[in-house]
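1. Based on what follows, work out the 3D shape:
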Amino acid sequence: MIYPSHWTSHFGIDNPDREPYKLVSAYAKLENELLDQLDEPPISRPWIQDFEAPWLYDGPPQTYGKTEVEAQIKALAENGIDEFLLWNAGNSYTQDVNYKIK
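-> Model (predicted):
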């Protein structure tokens, strides 16, 4: 699960929830480095975020919509990860997302 809302500044990103592309890209790079060391690396199929995380904010939370979901998909694609799953506990997913970003 690469939900930006669940990360700290581990990758040097002060507020990962506000920078979904940067967080997912940094994670994917590290994952690729580690999996490349295996003789038979598995297919990466991470869960990505399609929900808001109001518990992180005193004011309005980071809105998660088309831009934020596509940013995560783009970061994965740029790092050779073409499969993913989306999560939204309310089963309310963002409309009109391009899921085939390359």
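2. can you map out the helices along this structure?
-> Using DSSP state H, the helices of the chain run over 20-35, 66-78.
3. quick one, strands of the protein?
-> Here the chain has its strands, by DSSP state E, at 47-49, 85-87.
4. out of these, deepest packed?
-> Most buried of the strands of the chain, by mean neighbour count (mean count of other C-beta atoms under 10 Å): strand 47-49, with a mean of 19. All C-beta spots, glycine's among them, are computed from the backbone N, C-alpha and C.
5. my read: Leu22 touches Pro16, true?
-> Residue 22: Lys, not Leu. Yes - counting by C-beta atoms under 8 Å, Lys22 does reach Pro16; the two are 7.5 Å apart.
6. Looking at those two, which is more packed in?
-> Shown here are Lys22 and Pro16; by other C-beta atoms under 10 Å, Pro16 has more neighbours (25 against 16).
7. residues contacting that one?
-> Neighbouring residues of Pro16 by C-beta atoms under 8 Å, 6 or more residues apart in numbering: 4-5, 7-9, 22-23.
8. Now pLDDT and distance to Val69 too, for those, in TSV please.
-> Shown next, in TSV, are the contacts of Pro16 (pLDDT from 0 to 100; distance: C-beta to C-beta, whole Å):
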residue	pLDDT	distance to Val69
Pro4	97	11
Ser5	96	13
Trp7	96	17
Thr8	94	22
Ser9	94	22
Lys22	98	15
Leu23	98	13
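9. From those residues, list the buried ones, please.
-> By neighbour count, with 16 or more other C-beta atoms under 10 Å, the contacts of Pro16 hold 4-5, 7, 22-23 as buried.
10. export those to TSV and tack on distance to Thr94?
-> Output for those, formatted as TSV (distance: C-beta to C-beta, whole Å):
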residue	distance to Thr94
Pro4	14
Ser5	15
Trp7	20
Lys22	19
Leu23	18
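11. out of these, which one sits closest to Tyr57?
-> Ser5 (10.0 Å; C-beta to C-beta).
12. Find the residue closest to the closest one in space, skipping its chain neighbours.
-> The shortest distance from Ser5 to any non-neighbouring residue, by C-beta to C-beta, 6 or more residues apart in numbering, is to Ala53 (3.5 Å).
13. residues touching that neighbour, list them.
-> Going by C-beta under 8 Å, 6+ apart, Ala53 touches 3, 5, 17, 61-62.
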